[in-house]
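1. Just the structure for this:
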Amino acid sequence: MKRLLTFLLVFMVLASGCLGESGTSTSTSSLTPSSRASNFAVLYPENPRVENLTPVSDDPLWDELISSTLVQRGNLSIEYDGELIRGRYDFVLSNLSEKVIYFMLSHLNDNSGFLRVNLTIEGVPIDFSRLDEHRIVEKHGYLSIYAVRFNSSGETLRGELTYVLNYSAFVELTYHYIGSPLTWWEINAVSTGLNLSYSLPDGYTLVVPGYGFFNSTGRLSGPKLPYALGEAFIYHWGIVTEDFTTAGIEVTAYIPHEKYDPVIWRKMERLIALSLGLYINVTGVAPLENLSVVFEPYYNIGHGMEMPGVNSVVLGAREGFGDLVYRNPALVFHEIAHMWFAGYVKLGYLDESFATYFQMLATTHYAPASYTTVFDRIEDFVAEYGTSRPIYEAIRINNPKAYWAEDFIPVVYYKGAFVFRSLRFVLGDEVFFEGLRKILHDCHGATCDFADVQRAFEGASGRNLNWFFGEWFNRTELPDYTIENLSVDNESGSYNLTFRLIDANNFTMPVELRIVMENGRFMDTVVWVNGTAEVSITLEARPIIIIVDLEEWVANVNKKFEIDWVEVKVN
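-> Numbering: from 1, shown residues only. Below is the predicted model of the structure:
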């Protein structure tokens, strides 16, 4: 599941923390040019503003960030001494039509010297205290977004950014705000390539997902390096590597030495193998030939990040390798699923719904005796936090700010995943997985959205599914089942059970029922509920329990009650 670090990913940045204290005036006025050098001039506002900003606000800054066409390439050099990173970034910017450069810089509340930055463009020093500043405030600090507006007749701009970063603060914090953990700053520009030079003290290791691990001094380069550095880290012990092949995919795991345990590793290996084998089996697609699994020693076990661009997943292991295996195997299932959804195909925010569905699918294989308990907790989470807005509203491509709303995870991740589990129950396994394979076939290398997903399942089933996608993606409610008019008649040694199954929210869905009898035996059946359904069942013994939605196929309002001496459990 994504954490704060992905906060601004849609805008090609991340999130939260800053540089320098600026004035607090809220007035705006005309822009005035700074001193000139190489035909470049910064346009400083006469009265710079400092404004707080939230990711879900309607500030026009978001549109400017999204629409930016700025391109960068450059050389980054870092020297680490065991506490501080001293870095220098020499860069060239192109596509300058907007005449504005956005810089994001980090601050920690209790460590004012955590990051020190000096920036010059075309030889002109940038004075951040004279720029308008937008702040996104977080628990431990804030992110500043600075707009450097300028005049220049050139087609490119050359710049130099030097910085000193207290890397030990990141190690203690357990997450980072913006850019790479090695920088904590970012330029809002698409990178077309990066050359990295690094220098480390003896005993330290640089780990870069998709690239490997490195000691002492060296160089790395490539168009994907800026992306990979988003999850890079420096570690003061060795890295253990484990290699194995499963389902035709070569897997390399990078494990911090102090976290490594060979017995626990074998259990982790089985989780990875289960995920890859299962997903290839149900989709018919192997999206990659090799996979790197990087265990990050500073992030907690709730941190996971897919990096399909470099065939990698990153999993937090701060609390220990065993904690990840025993307490959060779902993270492994989820991030590996993103090699299909976010890697092989890209469906926008629906990638999270599908990855979470695959996470649930893997859970049914990993814990066949207890997965319904896990799903029940997910269902309660959705019922409490995931009914504030429809899924469709949250996943719309033209609404990127939806990602940062408080209800995004319960609505898109978990309710979305449960909806696809429900669709599987409606269509049956053969048709449902045929629909999934059709999505992967039709959308590989193409631009797809919600409508394409619906069309794929309709094509596989030969059915119009407007009723299903309409009620599940355009409504906020969940089915709310209850039972009325229950009667039990004993006739000639058998029992005739009749009742009305009612959904207060009027969904049309098949519902699985289990009737448990006093002799310990049970009968299972499925009824279609279109608002209501009349149920009549002949039993060999008196019914004592009715279980609604036995296998947790449908996210609904859970409840327990008793009617005419029969216990009812709505799962």
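
2. what ranges do the strands span in the stretch 451-571 of the chain?
-> Along the stretch 451-571 of the chain, the stretches classed as strands by DSSP state E, counting those that start in this stretch are 481-491, 494-503, 508-517, 522-530, 532-539, 543-548, 559-563, 566-570.

3. of all those, which lies closest to residue 469?
-> Residue 469 lies closest, by CB to CB, to one member of the strands of the stretch 451-571 of the chain: strand 508-517, at 11.9 Å. Heads up, the C-betas are built off the backbone N, CA and C, glycines and all.

4. Off-centre distance for the longest helix seen in the chain?
-> Taking DSSP state H as the criterion, the chain has its longest helix at helix 262-283. The chain centroid and the centroid of helix 262-283 are separated by 21 Å under CA atoms, centre = their mean, to the nearest Å.

5. next SSE after that helix?
-> strand 290-296 (DSSP states H and E).

6. In terms of secondary structure, what does that following strand contact?
-> The contact analysis (3 or more CB pairs under 8 Å, 6 or more residues apart in numbering; DSSP states H and E) places strand 290-296 against strand 249-256, helix 262-283, strand 312-316.

7. would you turn those into CSV with mean pLDDT?
-> Output for the helices and strands packed on strand 290-296, formatted as CSV (pLDDT from 0 to 100):
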stretch, mean pLDDT
strand 249-256, 97
helix 262-283, 98
strand 312-316, 96
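
8. got those as JSON lines, with mean neighbour count columns?
-> As requested, the helices and strands packed on strand 290-296 are arranged in JSON lines below (neighbours: other CB atoms under 10 Å):
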{"stretch": "strand 249-256", "mean neighbour count": "20"}
{"stretch": "helix 262-283", "mean neighbour count": "17"}
{"stretch": "strand 312-316", "mean neighbour count": "24"}
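
9. Of the ones you listed, which is nearest residue 499?
-> helix 262-283 (36.5 Å).

10. which other residues reach that closest one?
-> 242, 244, 246-249, 251, 253, 255, 286, 291, 293, 321-322, 324-325, 329, 332-333, 336-337, 339-340, 358, 361-362, 365-366, 433, 436-437, 440 (CB atoms under 8 Å, 6 or more residues apart in numbering).

11. Please repeat the previous calculation with a cut-off of 7 Å.
-> With contact meaning CB atoms under 7 Å, 6 or more residues apart in numbering, helix 262-283 is reached by 242, 244, 246-247, 249, 251, 255, 286, 293, 321-322, 325, 329, 332-333, 336-337, 340, 358, 361-362, 365-366, 433, 436-437, 440.

12. Mark which of those are part of strands, please.
-> 242, 244, 246, 249, 251, 255, 293 (DSSP state E).

13. residues contacting the fifth one?
-> What that stands for is residue 251. 243-245, 272, 291, 293.

14. of all these, which two lie farthest apart?
-> Maximum distance among the contacts of residue 251 (CB to CB): 13.4 Å, for 245 and 293.

15. thinking again about what came up before, go through the helices and strands packed on strand 290-296 and name the closest to residue 373.
-> helix 262-283 (18.7 Å).

16. from the chain's centre, how far out does stretch 183-200 sit?
-> 23 Å.

17. buried sites along it?
-> Neighbour counts over stretch 183-200 (16 or more other CB atoms under 10 Å) mark 183-189, 191, 194, 196-198, 200 as buried.

18. ditto for stretch 215-234
-> Those buried within stretch 215-234 under the rule 16+ other CB under 10 Å are 220, 224-234.

19. Which of these sits closest to residue 95?
-> Of the buried residues of stretch 215-234, the one sitting nearest to residue 95 (CB to CB) turns out to be residue 226, at 16.4 Å.

20. Surely that closest one forms part of a helix?
-> Yes. Looking at residue 226 with DSSP: H, G, I helix; E, B strand; the rest coil, it is inside a helix.

21. Need the pLDDT of it.
-> In the predicted model, residue 226 carries a pLDDT score of 94.

22. One more: residue 100?
-> pLDDT for residue 100: 95.

23. cool, residue 116 as well?
-> 95.

24. Let's verify it: helix, strand, or coil?
-> With three-state DSSP as the basis, residue 116 sits in strand.

25. Tell me what it is bridged to.
-> Assessed by DSSP bridges, residue 116 has beta-bridge partners residue 164.

26. what does stretch 558-571 rub up against?
-> 376, 379-380, 481, 483, 486, 543-550, 552, 556.

27. ok, 8 Å please
-> 372, 376, 379-380, 383, 481-484, 486-488, 499, 543-550, 552, 556-557.
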